[in-house]
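Peer 1: next come a sequence and a model predicted from it.
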Amino acid sequence: VDEAGQPLHKADDAGGEEVSVRTISRRDANAFVRAVRRYGLVSRISDVCSEVGRTLEEASPGTQLALWHTLMDGCRRAVDMAGEDPKDAILDFFGSAVKAQELLQHCSHMRLLARRLEALKDAPSQFKLEAAALLPVPKWGKSLGWSPKDDCMLLLGVYYHGLGHWDKVAADERLRLCDKLASVVAGSAGGRKG
């Protein structure tokens, strides 16, 4: 694998133990797409693969990156083939239907967020949204005392813990969102019962 994560040569399929990008199950493909959506950054490939399970977690870094690039390249091709309306582009990724434009856009937003946060290096809590990006506080937010600073901390939490890991975001003391996310965390815990 080169520095950009592109395979330099085709993986050897003769060993039988190495996961081949061509043999991923539909279940693992669905989990992989969900995890890519959650983390959105190729630098988080180990987190993505650990959420998928042992099969991909134990695969070589080259195989993991090859799967990431297969998904992203497939999404780009699906968008290109969609013509005038790319939002309708659907990629069949090993039996998993992927909204190609949506996934590409989400990953692009995560890369932008990563660049902004990496520029702050030692002071990520100083992260601020530009005035043009600020949204008005919704009705539910007013009752919680939600502020633009909370929006920033929520984005920081998504960067640290992944989209949808609200329990981890709420528990992260650096973000100071525990009380404000309590109802979200309680709701997601209730949805897991059964």
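Peer 2: That came through fine. Computed from a predicted model, the values in this text were never measured in an experiment. Numbering: from 1, shown residues only.
Peer 1: for the rest of this, base every contact and every neighbour count on C-alpha atoms.
Peer 2: OK.
Peer 1: for burial, what's the neighbour tally of Ala35?
Peer 2: 21 (other C-alpha atoms under 10 Å).
Peer 1: if I've got this straight, Leu91 is in a strand?
Peer 2: Yes. According to DSSP: H, G, I helix; E, B strand; the rest coil, Leu91 belongs to a strand.
Peer 1: how far does the helix or strand hosting Asp47 sit from its chain's centre?
Peer 2: Assessed by DSSP states H and E, Asp47 sits inside helix 45-52. Centroid displacement of helix 45-52 relative to its chain, using C-alpha atoms, centre = their mean, to the nearest Å, is 10 Å.
Peer 1: which residues are contacting that helix?
Peer 2: With C-alpha atoms under 8 Å, 6 or more residues apart in numbering as the test, helix 45-52 has contacts from Asp28, Ala31, Phe32, Ala35, Val36, Tyr39, Leu56, Glu57, Gln64, Leu65, Trp68.
Peer 1: are any of those buried, and which?
Peer 2: Neighbour counting over these (16 or more other C-alpha atoms under 10 Å) leaves Asp28, Ala31, Phe32, Ala35, Val36, Tyr39, Leu56, Glu57, Gln64, Leu65, Trp68 as the buried ones.
Peer 1: what helices or strands is the helix or strand the first one falls within leaning on?
Peer 2: It stands for Asp28. Per DSSP H and E, Asp28 falls inside helix 26-39. With contacts taken as 3 or more C-alpha pairs under 8 Å, 6 or more residues apart in numbering; DSSP states H and E, helix 26-39 sits against helix 45-52, strand 96-99, helix 100-120, helix 148-161.
Peer 1: which pLDDT value belongs to Ala189?
Peer 2: Per-residue confidence (pLDDT) for Ala189: 53.
Peer 1: quick one: contacts for the residue nearest the centre of the chain?
Peer 2: Nearest residue to the geometric centre of the chain (C-alpha atoms, centre = their mean): Tyr39, 2.3 Å. Residues counted as contacts of Tyr39 (C-alpha under 8 Å, 6+ apart) are Asp47, Val48, Met110, Val158, Tyr159, His161, Gly162, Leu163.
Peer 1: go again using 6 Å as the cut-off
Peer 2: Residues in contact with Tyr39 (C-alpha atoms under 6 Å, 6 or more residues apart in numbering) are Gly162.
Peer 1: got a pLDDT number for it?
Peer 2: Looking at Tyr39, its pLDDT reads 97.
Peer 1: same question, the one 3 residues further on
Peer 2: On the pLDDT scale, Val42 is placed at 96.
Peer 1: now swap in Asp85 and tell me
Peer 2: For Asp85, the predicted pLDDT is 85.
Peer 1: now Leu155
Peer 2: The model's pLDDT for Leu155 equals 91.
Peer 1: and it, how close does it get to Leu113?
Peer 2: From Leu155 over to Leu113 the distance is 8 Å, taken as C-alpha to C-alpha, to the nearest Å.
Peer 1: grab the nearest non-local neighbour of Leu71.
Peer 2: Phe93 (6.9 Å; C-alpha to C-alpha, 6 or more residues apart in numbering).
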